[in-house]
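1. starting from these lines, generate the structure:
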Amino acid sequence: MRKVFVDVIVQYTKEGQKVPLAVIWEDGRRYEIDKVTDVRRAASLKVGGQGLRYKCRISGNETFLWLEEGKWFVEAKK
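-> Residues are numbered from 1 along each chain as shown. Modelled structure (predicted):
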């Protein structure tokens, strides 16, 4: 596994929460986030790093998206 930093389209709520709406992959492909089901502080045990972990559903598949020191990353296969 490798850590991949990605661009994320984010909505800010009036309470100041960040809600990710879409992930833009390294090659420019855009993946819409269907739903965020959980947000918590956590570490990525597979690729290292920690921060806010967003459990997301993208095209029916669950995946994790991390916000670490202002940058977004995902765990990707090599």
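2. for Gly48, list the residues it contacts.
-> Going by C-beta atoms under 8 Å, 6 or more residues apart in numbering, Gly48 touches Lys3. (Each C-beta comes from the backbone N, C-alpha and C, glycine too.)
3. please name the nearest non-neighbouring residue to Pro20.
-> Leaving out its chain neighbours, the residue that sits closest to Pro20 by C-beta to C-beta, 6 or more residues apart in numbering is Val8, at 5.0 Å.
4. how many residues are close by the closest residue to Ala43 other than its chain neighbours?
-> Nearest non-adjacent residue to Ala43, counting by C-beta to C-beta, 6+ apart: Gln50, 4.0 Å away. Gln50 has 13 neighbours, counted by other C-beta atoms under 10 Å.
5. ok, Gln50 to Ile24 distance?
-> Noted for Gln50: a distance of 23 Å to Ile24, by C-beta to C-beta, to the nearest Å.
6. please apply the same query to Arg57.
-> 17 Å.
7. now Val36
-> In this view, Val36 and Ile24 are 17 Å apart by C-beta to C-beta.
8. Three-state assignment for the residue nearest the centre of the chain, please.
-> For the chain, Leu65 is the residue whose C-alpha lies nearest the centre (C-alpha atoms, centre = their mean; 2.1 Å). Secondary structure for Leu65, judged by DSSP: H, G, I helix; E, B strand; the rest coil, is strand.
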